[in-house]
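Asks: what shape does this take:
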Amino acid sequence: MNMKHICIPLLALTMGTTSCRKYVEVKQPNQREFIYVADYQRLLNNVGLFETSVSLPTLSADDIDLGTNASLERLLTNELKNIYTWAADYYTSDQSDAGWDQLYNQIYVCNQITANVMTSDGPDVQKRSAYAEAQVQRAAAYLSLVNLYARVYNASTAATDPGLPLLLKPDLFVPLNRASVKQVYDQIIQDITQALPLLPDVPSNNLHPGKAAGYGLLARTYLYMQRYNEAADNAAKALGLQSTLLDLNDYATGGKKYPRRLDNPEVVLNKKSIKAGNINLPLSTELLNKFTPDDLRYSLFTRNGSTFQPAFAGRGSYRDQLFANDGILSGLSVPEMMLTAAEGLARGGKTSDAMTLVNNLRMKRFAPAAFVALTASSAADALRIVLDERRRELFGTGLRWFDQRRLSVEAGMAETETRVFAGVTYTLQPGDRYVYPIPPKNIELNPELTQNQR
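Replies: As a prediction, this is how the structure comes out:
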């Protein structure tokens with residue numbers, strides 16, 4: 001038996017609040033020795049830890065608009081109001097940022113696995129598999145973090161733009177100096193590309209990454225880097241392994257129940273977002289105007305605002321209420337890969353190929369008698385259609401915020417957003433407000449962790 005025994009707690013890990021340069025506080029009760037590779041696999045089976053993604057982008061994005069509904073406004077805590085109105089600061093020094101905490105907890109567990117699983121007892125093939133899965137989960141966490149708390153990737157400045165503390169070992173007491181945006185993205189790509197050969201073609205379930213998830217995560221990474229050819233290539237590889245689409249005609253009449261995320265063949269990697277503050281999401285007029293009434297996504301995934309509590313004008317997102325407590329998919333999906341591939345093709349001038357992918361998706365989103373294939377007169381027209389289709393297909397998931405960020409630095413794509421809250425108009429212009437502030441509590445405990453310019 002291997003003599004190196006590691007003692008790791010079974011309880012959830014939470015961010016540290018008691019010691020300078022201690023970025024994670026590990027609860028001590030209920031510890032046991034981790035000896036076997038199966039012990040590390042059980043860490044990866046922690047649904048509560050790895051399934052949950054950040055929820056705040058659903059509140060930041062232009063998918064939603066609370067309007068001037070006082071009942072909805074009262075539901076927002078001070079920090080949620082700050083996020084909704086794109087304030088300069090979100091939290092006070094005595095508040096934690098749940099998104100930051102959740103993602104760095106995932107990274108800490110992944111680092112425990114990559115540091116120790118290869119010296120555990122068990123078959124080498126299982127050790128390598130657990131190591132590769134931990135690399136993908138770590139990459140997914142860093143991709144979310146760098147697209148929340150750092151500037152949009154810019155090839156000319158990424159090497160000097162402040163990114164994140166890049167933690168690759170399970171050391172609780174480390175300086176939290178920020179690596180550059182480029183270093184963070186380089187690590188994400190390295191983790192995924194090293195893991196891909198060891199990932200299964202078909203994972204045991206969609207909570208665990210297979211090869212399609214590896215390629216899909218690379219596609220999303222390259223999309224956020226504006227490396228569109230590579231995004232399209234990797235999206236196509238993901239679709240070569242997993243391409244099943246649900247036909248919404250099967251569910252529109254209520255005769256068949258829409259599947260949960262765990263059973264949904266469209267889900268490539270299962271991550272969920274939840275409603276920030278448990279607030280129902282009133283959809284913005286701008287988004288609703290992109291639908292036609294015969295779009296089955298409109299009838300299946302939205303409801304009249306009068307049916308929600310508290311009630312509001314217009315329509316709201318119903319995705320999370322198709323099943324109680326199932327949350328909203330924010331992980332990788334077949335439709336996302338189709339639209340990522342289509343965007344790369346459109347930007348590369350392959351207008352016909354891009355529109356084929358868009359229409360193949362839309363055929364499953366309309367009744368046969370209502371479906372009309374979209375056409376594009378140019379590559380620029382195809383790109384506009386693809387981006388509109390992303391809004392229709394992915395609304396309410398939080399992914400819109402990441403699209404807004406990357407498009408905010410692109411000439412002709414950047415938009416200025418406005419919201420009214422409690423009688424005051426707030427404006428989001430392209431710039432630093434697309435970067436979330438680092439939690440002040442973490443900076444006070446770790447002074448080397450510098451704040452974002454906002």
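
Asks: buried stuff in stretch 330-341?
Replies: Buried residues in stretch 330-341, defined by neighbour count with 16 or more other Cβ atoms under 10 Å: Ser330, Gly331, Leu332, Ser333, Val334, Pro335, Glu336, Met337, Met338, Leu339, Thr340, Ala341. Yep, even glycine has a C-beta here, placed from its N, CA and C like the rest.

Asks: and the strands in the stretch 251-400 of the chain?
Replies: Under the criterion DSSP state E, counting those that start in this stretch, the stretch 251-400 of the chain contains strands at 267-269, 272-273, 302-304, 315-317, 328-329, 332-333.

Asks: ok, and the closest non-adjacent residue to the most centrally placed residue in the chain?
Replies: Averaging the C-alpha coordinates of the chain gives a centre point, and the residue nearest to it by Cα atoms, centre = their mean is Ser330 (5.0 Å). The spatial neighbour of Ser330 that comes closest, neighbours along the chain excluded (Cβ to Cβ, 6 or more residues apart in numbering), is Ser273 at 4.1 Å.

Asks: can you map out the helices along the stretch 151-300 of the chain?
Replies: Taking DSSP state H, counting those that start in this stretch, the helices of the stretch 151-300 of the chain run over residues 181-195, 211-224, 228-241, 249-252, 285-288, 296-301.

Asks: next: the stretch 1-150 of the chain.
Replies: With DSSP H, counting those that start in this stretch as the definition, the stretch 1-150 of the chain shows helices at residue ranges 37-44, 47-50, 57-60, 70-75, 78-84, 98-116, 124-149.

Asks: most packed of these?
Replies: Using mean count of other Cβ atoms under 10 Å, the stretch among those with the largest mean neighbour count is helix 57-60, at a mean of 25.

Asks: from the contact counts, what lies against it?
Replies: In terms of contact count using 3 or more Cβ pairs under 8 Å, 6 or more residues apart in numbering; DSSP states H and E, helix 57-60 is assigned the packing partners helix 78-84, helix 399-407.

Asks: can you list those in TSV and add distance to Leu449 and mean pLDDT?
Replies: What follows is the helices and strands packed on helix 57-60, written out as TSV (distance: least, Cβ to Cβ, whole Å; pLDDT from 0 to 100):
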stretch	distance to Leu449	mean pLDDT
helix 78-84	19	96
helix 399-407	21	97
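
Asks: could the ones you listed go into a markdown table alongside distance to Leu198?
Replies: Converted to a markdown table, those look like this (distance: least, Cβ to Cβ, whole Å):
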| stretch | distance to Leu198 |
| --- | --- |
| helix 78-84 | 38 |
| helix 399-407 | 27 |
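
Asks: for Lys256, find the nearest of these.
Replies: Closest approach to Lys256 among the helices and strands packed on helix 57-60 (Cβ to Cβ): helix 399-407, 26.0 Å.

Asks: chain center to the closest one, what's the gap?
Replies: Mean C-alpha position of helix 399-407 versus that of the full chain (Cα atoms, centre = their mean, to the nearest Å) differs by 11 Å.

Asks: what sits against the residue nearest to Thr244 when sequence neighbours are not counted?
Replies: Closest residue to Thr244 in three dimensions, ignoring its sequence neighbours and counting by Cβ to Cβ, 6+ apart: Pro265, at 4.0 Å. By Cβ atoms under 8 Å, 6 or more residues apart in numbering, the residues touching Pro265 are Gln242, Thr244, Leu246, Pro259, Val334.

Asks: hmm, which of the residues you listed are the buried ones?
Replies: When the contacts of Pro265 are checked against 16+ other Cβ under 10 Å, the ones flagged as buried are Gln242, Leu246, Pro259, Val334.

Asks: farthest pair within those?
Replies: Checked with Cβ to Cβ, the buried ones among the contacts of Pro265 reach their widest spread between Gln242 and Pro259, with 14.9 Å between them.

Asks: low-scoring pLDDT stretches of the stretch 201-350 of the chain, where are they?
Replies: Scanning the stretch 201-350 of the chain for pLDDT under 70 picks out the ranges 277, 324.

Asks: cutoff 80 now
Replies: Scanning the stretch 201-350 of the chain with the threshold set as pLDDT under 80 gives 254, 274-279, 323-325.

Asks: Arg419 touches Thr425, doesn't it?
Replies: Yes: if you go by Cβ atoms under 8 Å, Arg419 and Thr425 touch, sitting 7.3 Å apart.

Asks: those two - which one has more neighbours?
Replies: Each of Arg419 and Thr425 has its neighbours counted (other Cβ atoms under 10 Å); Arg419 has more, 18 against 9.

Asks: so what's the backbone phi/psi at the more buried one?
Replies: Summarising the backbone geometry of Arg419 under the convention degrees, to the nearest 10, its torsions are phi -140, psi 150.

Asks: identify the residues contacting it.
Replies: For Arg419, the set of contacting residues under the criterion of Cβ under 8 Å, 6+ apart consists of Asp65, Leu66, Tyr84, Thr85, Thr425, Tyr426, Leu428.

Asks: report the distance from stretch 82-102 to the chain centre.
Replies: Stretch 82-102 sits 18 Å away from the centroid of its parent chain (Cα atoms, centre = their mean).

Asks: need the contact list for the closest residue to Trp100 other than its chain neighbours.
Replies: Closest residue in space to Trp100, ignoring its immediate chain neighbours: Pro439 at 5.5 Å, by Cβ to Cβ, 6+ apart. Residues in contact with Pro439 (Cβ under 8 Å, 6+ apart) are Tyr90, Tyr91, Gln95, Ser96, Asp97, Trp100.

Asks: at 6 Å what do you get?
Replies: With contacts taken as Cβ atoms under 6 Å, 6 or more residues apart in numbering, Pro439 has the following neighbours: Tyr91, Asp97, Trp100.

Asks: of the helices of the stretch 151-300 of the chain, which stretch is the most buried?
Replies: Per residue and on average, the most neighbours among the helices of the stretch 151-300 of the chain fall to helix 211-224, with a mean of 26 (mean count of other Cβ under 10 Å).

Asks: quick one, it and helix 181-195 angle?
Replies: Orientation note: helix 211-224 sits at an angle of 160 degrees relative to helix 181-195 (axes from the mean of the first three to the mean of the last three Cα atoms, to 10 degrees).

Asks: now helix 211-224, how far from the chain's geometric center?
Replies: Chain-centre distance of helix 211-224: 12 Å, with Cα atoms, centre = their mean.

Asks: stretch 274-288 too?
Replies: 17 Å.

Asks: which of the residues in it are buried?
Replies: Ile274, Lys275, Ala276, Gly277, Ile279, Asn280, Leu281, Pro282, Leu283, Ser284, Leu287, Leu288.

Asks: same check on stretch 156-171?
Replies: Judged by neighbour count using 16+ other Cβ under 10 Å, the buried positions of stretch 156-171 are Ala158, Asp161, Pro162, Gly163, Leu164, Pro165, Leu166, Leu167, Pro170.

Asks: my guess is Cys110 meets Arg138, correct?
Replies: Yes: using Cβ atoms under 6 Å, Cys110 is in contact with Arg138, at 3.9 Å.

Asks: quick one: contacts for Gly254?
Replies: Listed by Cβ under 6 Å, 6+ apart, the contact set of Gly254 is empty.
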